[in-house]
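Engineer: Structure for the following, please:
(chains A and B, ligands or ions: 2)
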Amino acid sequence: MSALTRHIPASHSGLWAGPSRFRSLTEAGVGAFLLLCATITVLTTAGIILVLGLETLEFFEKSKVGLLHFLTGTVLNPEGGKYGILPLIWGTFQVAAGSSVIALPIGLLSAIYLSEYAPSRVRAVLKPALELLAGIPTIVYGYLALLLVTPVLKAIFEPMGIPVSTFNVASACIVVGVMIIPLVSSLSEDVLSAVPRGLREAGYALGATKFEVSTRIVLPAGLSGVMASFILAVSRAIGETMAVVLAAGMRPQITLNPFDSCETMTTYIVSVTGGEASYGSPEYLSLFAVGMALFLSTLALNLLSEIVLRRYREVYR
Amino acid sequence: MSLPEIPVVSASSKVPAPSGVPAPSPAPAPVPPEAGPVLAAYHLSVWYGTSLALKDVTIEIPRNQITALIGPSGCGKSTLLRCFNRMNDLIPGARTEGVILCDGKEITSPDTDPVALRRRIGMVFQKPNPFPKSIHENVAWGARINGYRGNMDDLVERSLRRAALWDEVKDKLHRSGMDLSGGQQQRLCIARTLAVEPEVILMDEPCSALDPISTARVEDLMDDLKSEYTIVIVTHNMQQARRVSDMTACLMLDEDSRDKNRIGVIAEFSSTDLLFTNPKDPRTEAYITGRIG
Ligand SMILES: Nc1ncnc2c1ncn2[C@@H]1O[C@H](COP(=O)(O)OP(=O)(O)OP(=O)(O)O)[C@@H](O)[C@H]1O
Ligand SMILES: [Mg+2]
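Structural biologist: Ligands and ions are numbered 1, 2, ... in the order given. Below is the predicted model of the structure:
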């Protein structure tokens, strides 16, 4: 300290405040405060896992269902004491996969269009418009499925002799897919536009076309962000509840027919919550066990993406 | 576009064959395009949005020679360079007026394919910009998209050797080009440009991030390449311009009387020897002797 004060030139001593105790105190305080915030999020997550875990254990204890049977059983009938959630896993997978097939390519291509091809004026209109889609309450998408998508599907397929039930997987996939497009396109577009202009110029200067620059330089450089947007979108599809209830119904069954109804993990949780399961009963507790399965599947998805990223990421500075 | 009294065709044909190239044997026919300037700009002006960056530039870049562009910062050297491979097309709001010829063909016309043009006119940028890919892929990428069918490993090695980088990276070709030092990155960018074998290489301060040893090697390389390529180099280093170039253009900032904008113009363009020993323009003299800029 004394060394520092000695070096302040005499001519400046009136203009420059000396070393400030207040500044170093706030600096330390800010650090502690930020740590607190970070800790809160970690604690919340830990708390959720703990509650889910405890209740899940209790479920297995009370219902006498084995873990293997729980995950692979094909009959889900809480009244009859049958807790095989494979139909839920299958339903969740169908909706997530079907909506991803729609949303990921469309979202990514529109992101590439917006960041590489669109004139700035088109972009200024299109991007907020896409983001508006994300703000629509999900239950509205459910009505959309019921009142628009399913009737259209019926009109197309029933004349061909393919029956379409009022609640069906296909319409759930379509509306959830549309719902998560903006998630992919908006986040990916941010990432792609953040790729430095110098990289694009380097590509063009070598005689690359716009398509080559977009797909072979810009996209790989922004891949980690694009993957993050994919994961977010798929997680959203897995977790989507209200739109799926209204579109696909609540019948737990394993079917390959996209025009039949299904039940997902989230819609099962809704149905139990809405039913008359008494507190502490196995049916009530199954809610937590299914919640745990849901949590673990999104966790697995995140880990998977982490592994994929490690392999393909191209880091730029 | 109004281009009064530009004898575009005669302009290129009346230019004598560049020194060093023997005059074509008694062919009575007009000068073949191979003898004229490989690149030329006539009455070229460039705007960024509404501000004029470069005004009424006329310059002819002789074939198989090194042309240096010098001048103070912001006078439009990079802008001029980027006109030759239509890089300014990529900047929203950039606009050019005037005629630019490559081998006698107008390149600013809408039916010129900028992709094909850029494949023939390579560019090394002021800021090193390697791809976030492996060193090998950095060099191979351009050749691959242009359909190179030879042995890629050989091409990569040859290009890296020419850019004086091979010895430093030969054991880590799979590592990211981004992990190299700034000077190594710039040489990687040079290697990448050489790999697609362009006819002209535009270099925007290629040595500003290099140490004296690498600089000397890049200068040797340029001398080497001269027999096959035409090189245009922007440099702030007057000694370098003197050492490597055959022709030098000195750009200056012109004070526009109407608005306060400062606009780039060509103050002088002549052979390097002449420009440095006997500058015609007082501004050039002041600049090269270090009194301004
Ligand atoms: N992308 C751009 N958008 C708008 N103005 C630009 C752009 N690039 C360059 N300019 C302007 O054009 C003028 C010339 O710039 P240029 O980069 O050609 O200068 P330079 O001679 O290469 O300078 P330096 O020696 O510092 O690299 C400058 O006034 C600059 O502000
Ligand atoms: Mg420049």
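Engineer: hey, C-alpha coordinates of the helix or strand in which A:Glu131 is found in CSV?
Structural biologist: Element membership of A:Glu131, judged by DSSP states H and E, is helix A:120-135. Extracted in CSV, the C-alpha atoms of helix A:120-135 (Å, rounded to 0.1, in the frame of the first residue of the first chain):
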residue,chain,number,x,y,z
SER,A,120,-31.5,-7.0,-43.7
ARG,A,121,-35.0,-5.7,-44.3
VAL,A,122,-36.5,-9.1,-44.6
ARG,A,123,-34.7,-10.2,-41.6
ALA,A,124,-35.9,-7.3,-39.5
VAL,A,125,-39.5,-8.4,-40.2
LEU,A,126,-39.2,-12.2,-40.2
LYS,A,127,-37.2,-12.7,-37.1
PRO,A,128,-39.6,-11.0,-34.6
ALA,A,129,-42.5,-12.7,-36.4
LEU,A,130,-40.9,-16.1,-35.8
GLU,A,131,-40.2,-15.2,-32.2
LEU,A,132,-43.9,-14.2,-31.8
LEU,A,133,-44.7,-17.9,-32.4
ALA,A,134,-42.8,-18.7,-29.2
GLY,A,135,-45.0,-16.4,-27.2
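Engineer: Could you list every helix and strand that it packs against?
Structural biologist: Here helix A:120-135 touches helix A:169-193, going by 3 or more C-beta pairs under 8 Å, 6 or more residues apart in numbering or on different chains; DSSP states H and E. Quick note: C-beta positions are derived from backbone N, CA and C, even for glycine.
Engineer: Contacts only, for residue 82.
Structural biologist: Picking chain A for this. Contacts for A:Lys82 (C-beta atoms under 8 Å, 6 or more residues apart in numbering or on different chains) come out as A:Gly73, A:Val75, A:Leu76.
Engineer: looking at chain B here, not the other one
Structural biologist: Contacts of B:Arg82 by C-beta under 8 Å, 6+ apart are B:Asn88, B:Met123, B:Leu202.
Engineer: just B:Lys55 next, same as before
Structural biologist: Residues near B:Lys55 by C-beta under 8 Å, 6+ apart: B:Ser45, B:Asp254, B:Ile263, B:Gly264, B:Val265.
Engineer: Could you find the lowest-pLDDT member of those?
Structural biologist: The lowest pLDDT within the contacts of B:Lys55 belongs to B:Asp254, with 84.
Engineer: Ranking by neighbours, what's the top pick from the contacts of B:Arg82?
Structural biologist: Counting neighbours by other C-beta atoms under 10 Å in any protein chain shown, B:Leu202 leads the contacts of B:Arg82 with 31 neighbours.
Engineer: after the helix or strand harbouring that one comes which helix or strand?
Structural biologist: B:Leu202 is part of strand B:200-204 when elements are defined by DSSP H and E. Going down the chain from strand B:200-204, the next helix or strand is helix B:212-225, by DSSP H and E.
Engineer: that older thread, remind me what the strand holding B:Leu202 packs against, helices and strands.
Structural biologist: Looks like strand B:200-204 contacts helix B:77-84, strand B:121-124, helix B:182-195, strand B:230-234 (3+ C-beta pairs under 8 Å, 6+ apart).
Engineer: Relative to ligand 1, which of these is closest?
Structural biologist: Nearest to ligand 1 among the helices and strands packed on strand B:200-204 is helix B:77-84 (3.1 Å), distances taken as C-beta to the nearest ligand atom.
Engineer: May I have that closest one exported as CSV, CA atoms only?
Structural biologist: The C-alpha atoms that make up helix B:77-84 are tabulated as CSV, following Å, rounded to 0.1, in the frame of the first residue of the first chain:
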residue,chain,number,x,y,z
LYS,B,77,-5.8,0.7,-49.9
SER,B,78,-7.9,-2.2,-48.6
THR,B,79,-10.9,-0.9,-50.3
LEU,B,80,-9.2,-0.8,-53.7
LEU,B,81,-7.8,-4.2,-53.2
ARG,B,82,-11.2,-5.6,-52.3
CYS,B,83,-12.6,-4.2,-55.5
PHE,B,84,-10.4,-6.5,-57.6
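Engineer: And the next helix or strand after it, how far out from the chain middle?
Structural biologist: Counting by DSSP H and E, the element after helix B:77-84 in chain order, helix or strand, is strand B:94-102. Here strand B:94-102 is found 15 Å from its chain centre; the criterion is C-alpha atoms, centre = their mean, to the nearest Å.
Engineer: Looking at the contacts of B:Lys55, which one is closest to ligand 1?
Structural biologist: Checking the contacts of B:Lys55 against ligand 1 by C-beta to the nearest ligand atom gives B:Gly264 as the nearest, at 5.9 Å.
Engineer: tilt between the helix or strand hosting that closest one and helix B:77-84?
Structural biologist: Per DSSP H and E, B:Gly264 falls inside strand B:262-271. Strand B:262-271 runs at 70 degrees relative to helix B:77-84, counting by axes from the mean of the first three to the mean of the last three C-alpha atoms, to 10 degrees.
Engineer: Most proximal residue of chain A with respect to chain B?
Structural biologist: In chain A, no residue comes nearer to chain B than A:Gly207, which is 2.9 Å away by C-beta to the nearest C-beta.
Engineer: okay, the spatially closest residue to that residue that is not a sequence neighbour: pLDDT?
Structural biologist: Excluding the flanking residues, the one nearest A:Gly207 by C-beta to C-beta, 6 or more residues apart in numbering or on different chains is B:Arg119, at 2.9 Å. What the model reports for B:Arg119 is a pLDDT of 93.
Engineer: One more: B:Arg217?
Structural biologist: Looking at B:Arg217, the pLDDT reads 85.
Engineer: swap in the one 5 residues further on?
Structural biologist: Each residue has a pLDDT score; the one for B:Met222 is 90.
Engineer: Name the residues linked to the one residue sitting closest to the centre of chain B by a beta bridge.
Structural biologist: Centroid-nearest residue in chain B, with C-alpha atoms, centre = their mean: B:Leu202, separated by 2.5 Å. Following DSSP bridges, B:Leu202 is listed with bridge partners B:Met123, B:Val232.
Engineer: Would you reformat the contacts of B:Lys55 as JSON lines and include neighbour count?
Structural biologist: Output for the contacts of B:Lys55, formatted as JSON lines (neighbours: other C-beta atoms under 10 Å in any protein chain shown):
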{"residue": "B:Ser45", "neighbour count": "18"}
{"residue": "B:Asp254", "neighbour count": "18"}
{"residue": "B:Ile263", "neighbour count": "20"}
{"residue": "B:Gly264", "neighbour count": "24"}
{"residue": "B:Val265", "neighbour count": "17"}
